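K.L.:
A structural model of the following input is requested.
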Amino acid sequence: MFYRSFALLCSSLLIASAQTPAPDAPATDIRVETTLVLIPVTVTDPTNRYVLGLDKQNFRVFEDDSEQKIKQFSGEDAPLSVGLVLDTSGSMGDKMDISRRAISEFLKTMNPADEAFLVEFNDRADLKSGFTHDPDQILSKMSSSASNGMTALFDAMYLGVKQMKKASNPRKALVIVSDGGDNNSAFSAKEVLDLVRDADVQIYAIGVFEPLAGFGLSAAELAGPKLLSGIAAQTGGRAFGTSKAQELPDIASRIGIELRNQYVLAYTPTDQKKDGKYRKVEVKLKQPDGLPDLKARWRSGYYAPVQ
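P.N.:
Presented below is the predicted three-dimensional model:
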């Protein structure tokens with residue numbers, strides 16, 4: 001049975017404790033020590049439809065140009081741990097109701113074995129709901145959210161990654177709904193990029209770039225699409241941008257479906273040095289006969305543990 005085999009895979013992971021920096025002293029040197037490296041892979045055809053049914057032999061994995069032996073392979077759905085990160089800053093304005101609907105649509109794609117938590121952020125980031133299997137608990141926490149204040153997006157992402165250390169499932173993702181404009185975080189863009197590369201978490205972002213009535217987009221909001229896309233790409237996730245808030249629920253549903261249609265590859269690195277260096281990961285597909293050219297997206301790398 002798949003879940004049993006995946007549970008055995010999870011039990012082989014060795015998670016080392018990490019120092020958590022104080023909120024007023026951001027740091028990005030979190031390290032996760034693991035005997036296996038897990039790489040979620042999304043495969044699509046030329047029309048962006050998900051391609052399932054591939055076998056282990058259709059994949060090759062390289063770390064810093066050195067081929068690795070795939071020890072575990074899964075092509076079936078597996079339980080997810082998801083962090084939902086909702087922007088409630090003043091720049092979201094009239095987009096709040098539709099943003100809540102987007103998260104509601106995402107929750108509909110989740111299975112009973114999945115778990116999720118909720119982080120909201122404006123001037124500061126707050127954990128509104130810890131991990132739960134009950135979508136109604138998250139919906140209830142969101143119901144009173146109001147748009148006000150500045151935007152601490154980077155701090156919210158840090159809090160989400162920190163909370164993900166309590167996850168019960170090996171497959172982890174943050175889903176961010178925001179206009180992408182940070183103007184009040186203790187963390188910088190570079191620090192957050194390093195942080196998410198260092199975490200075994202996929203980042204999916206929905207960028208809402210619709211100006212408030214009578215106003216244009218701020219400089220921070222104009223930089224939002226590129227920022228969110230760059231962060232998501234580091235983790236094998238994706239960023240979706242739209243100027244039409246009414247599209248948010250459909251986009252959120254698509255993210256949920258994508259997370260349900262991924263392969264998971266696991267390998268033990270041949271380079272066992274605990275030097276804390278960044279290891280680049282590349283996945284190559286062996287094209288199956290009779291199928292059009294396929295595309296793959298994956299986590300681009302990770303930091304090795306430190307001694």
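K.L.:
relative to P170, how far out is Q72?
P.N.:
Using C-beta to C-beta, to the nearest Å, Q72 is found at 10 Å from P170. To be clear about C-beta, it is placed using only N, CA and C from the backbone, and glycine gets the same treatment.
K.L.:
tell me which of those two has more neighbours.
P.N.:
P170 (22 against 18; other C-beta atoms under 10 Å).
K.L.:
just the pLDDT for that one.
P.N.:
On pLDDT, P170 comes in at 89.
K.L.:
same check on N48?
P.N.:
91.
K.L.:
ditto for S229
P.N.:
Note on S229: pLDDT of 82.
K.L.:
that one against A239, yeah?
P.N.:
Yes - using C-beta atoms under 8 Å, S229 makes contact with A239 at a distance of 4.0 Å.
K.L.:
which residues in the stretch 151-300 of the chain form strands?
P.N.:
Under the criterion DSSP state E, counting those that start in this stretch, the stretch 151-300 of the chain contains strands at 171-178, 202-208, 238-242, 263-267, 278-285, 295-298.
K.L.:
dump these to JSON lines, plus mean neighbour count.
P.N.:
Shown next, in JSON lines, are the strands of the stretch 151-300 of the chain (neighbours: other C-beta atoms under 10 Å):
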{"stretch": "strand 171-178", "mean neighbour count": "25"}
{"stretch": "strand 202-208", "mean neighbour count": "27"}
{"stretch": "strand 238-242", "mean neighbour count": "19"}
{"stretch": "strand 263-267", "mean neighbour count": "22"}
{"stretch": "strand 278-285", "mean neighbour count": "16"}
{"stretch": "strand 295-298", "mean neighbour count": "18"}
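K.L.:
where along this structure do the helices fall?
P.N.:
For the chain, the helices defined by DSSP state H occupy 2-11, 96-108, 135-142, 153-164, 189-198, 219-222, 224-233, 248-259.
K.L.:
which of those helices is buried the deepest?
P.N.:
Comparing these by mean neighbour count (mean count of other C-beta atoms under 10 Å), helix 153-164 ranks first with a mean of 24.
K.L.:
hmm, who's touching that helix?
P.N.:
20, 23, 26, 30, 81, 83, 85, 87, 117, 119-121, 124-125, 127, 130-131, 172, 174, 176, 178, 180-182, 184-189, 191-192, 195-196, 199, 201, 203, 231 (C-beta atoms under 8 Å, 6 or more residues apart in numbering).
K.L.:
spit out the residues that contact S229 and A239 alike.
P.N.:
A205.
K.L.:
which strand residues bridge D275?
P.N.:
V306 (DSSP bridges).
K.L.:
what is the neighbour count of it?
P.N.:
12.
K.L.:
spatially, which residue comes closest to K277, not counting chain neighbours?
P.N.:
A304 (5.4 Å; C-beta to C-beta, 6 or more residues apart in numbering).
K.L.:
near that neighbour, how many other residues are there?
P.N.:
Residues near A304, counting by other C-beta under 10 Å: 20.
K.L.:
cool, and S144?
P.N.:
7.
K.L.:
measure it to I203 for me?
P.N.:
For S144, the distance to I203 - C-beta to C-beta - is 26 Å.
K.L.:
could you do V161 as well?
P.N.:
For V161 relative to I203 (C-beta to C-beta), the value is 9 Å.
K.L.:
could you tell me which residues touch both of those two?
P.N.:
L174, V196.
K.L.:
let's see the pLDDT reported for G241.
P.N.:
G241 is given a pLDDT of 83.
K.L.:
specify the beta-bridge partners of it.
P.N.:
Beta-bridge partners of G241, as defined by DSSP bridges: G207.
K.L.:
tell me which residues touch S300, please.
P.N.:
S300 sits in contact with R197, A233, Q234, T235, G236, K280, V281, where contact means C-beta under 8 Å, 6+ apart.
K.L.:
and those residues, which is closest to Y263?
P.N.:
G236 (11.1 Å; C-beta to C-beta).
K.L.:
so that closest one makes contact with V43?
P.N.:
No - in this structure G236 lies outside contact range of V43 using C-beta under 8 Å: 11.8 Å.
K.L.:
and for the two, which residues touch both?
P.N.:
Contacts common to G236 and V43, judged by C-beta under 8 Å, 6+ apart, are absent.
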